[in-house]
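1. After the sequence you'll find the predicted model.
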Amino acid sequence: MLLLVLFLLPAVRTDLKTGRIPNRLIVTGFVIGVVHTAVWHCGLFDFAAADLDRTGLGGLFGMEDETQIDGSVMQMFLLMARQFTAMMIMLIALIPFWKVKAFGGGDVKMACVSVWYIGFAATVRSLLYAGVITALVAGGLVAMEHLTNAGVLSKRVGNRIPKLNTRRGKHIICFSLPYLAGVLSEYVIHSVYLK
């Protein structure tokens, strides 16, 4: 979770600043996510328990013989294949949202990379939480803007409310910040309340 947050922080920063998430950052997050999956979830390179035994490599991987090493490598490749498949399913599921301009391309890639850190189900829940957060914030800001324009709120109060960016008459919200809030919400809800 911490690695994902560390990946999302620069993505949020650049998204808020430029309206884009650079591909360099996405590729870096992807590579770190793949390594994280191999090291953390597969238990490879567990140096704390490493004691070299008769095979030389067995202690390094925490195993007794070569057949267990082969089984661990196979298990790693199966997990990698599963994660890659989940990432591709996420991509296919989010492309329609990108096509109708609900998400930017960087937002879609960011969600796909998240699968490597927190898994498919947690990424879907994070996207749902982020969607609710986005709807509430955007709805509140648009309502305040309309209330100010209608004269219900004074211009002095209305000018203090942040404005949504507009492009071709449509309101634009950088989705990376609500997504970060969605990931943190997923962590809090899943870890604290559902334990």
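-> Ah, there it is. Residues are numbered from 1 along each chain as shown.
2. Of all the helix elements in this protein, which one is longest?
-> Using DSSP state H, we find that the single longest helix of the chain is helix 66-99.
3. how about that helix: buried residues?
-> Buried residues in helix 66-99, defined by neighbour count with 16 or more other C-beta atoms under 10 Å: Ile69, Ser72, Met76, Met80, Gln83, Ala86, Met87, Met90, Leu94, Phe97, Trp98. The way it works is simple: take the backbone N, C-alpha and C, and place the C-beta from them, glycine included.
4. And the next helix or strand past the host helix or strand of Leu9?
-> Here Leu9 sits within helix 2-18, counting by DSSP states H and E. Toward the C-terminus, helix 2-18 is succeeded by helix 23-36 as the next helix or strand (DSSP H and E).
5. now that following helix, how far from the centre of its chain.
-> 11 Å (C-alpha atoms, centre = their mean, to the nearest Å).
6. what's in contact with it?
-> 3, 7, 10-11, 14, 80, 83, 106, 109-110, 113-117 (C-beta atoms under 8 Å, 6 or more residues apart in numbering).
7. and the gap between the residue nearest to Pro22 when sequence neighbours are not counted and Leu147?
-> Nearest residue to Pro22, sequence neighbours excluded (C-beta to C-beta, 6 or more residues apart in numbering): Thr14, at 6.1 Å. According to C-beta to C-beta, to the nearest Å, Thr14 and Leu147 sit 32 Å apart.
8. more crowded one of those two?
-> Thr14 (18 against 14; other C-beta atoms under 10 Å).
9. residues contacting the more buried one?
-> Arg20, Ile21, Pro22, Leu25.
10. tell me the centre residue of this structure?
-> In the chain, the centroid-proximal residue (C-alpha atoms, centre = their mean) is Ser114; its distance is 3.5 Å.
11. Find the nearest non-adjacent residue to that one, please.
-> Using C-beta to C-beta, 6+ apart and skipping the chain neighbours, the partner closest in space to Ser114 is Thr123 (4.7 Å).
12. Just the element for the one you found, please.
-> helix 120-149.
13. Quick check: next helix or strand after that helix?
-> Counting by DSSP H and E, what follows helix 120-149 is helix 155-160.
14. So, low pLDDT: which residues of this protein?
-> 41-71, 161-172, 195 (pLDDT under 70).
15. make it 50
-> 46-69 (pLDDT under 50).
16. burial of Pro178, as a residue count?
-> Neighbours around Pro178, by other C-beta under 10 Å: 25.
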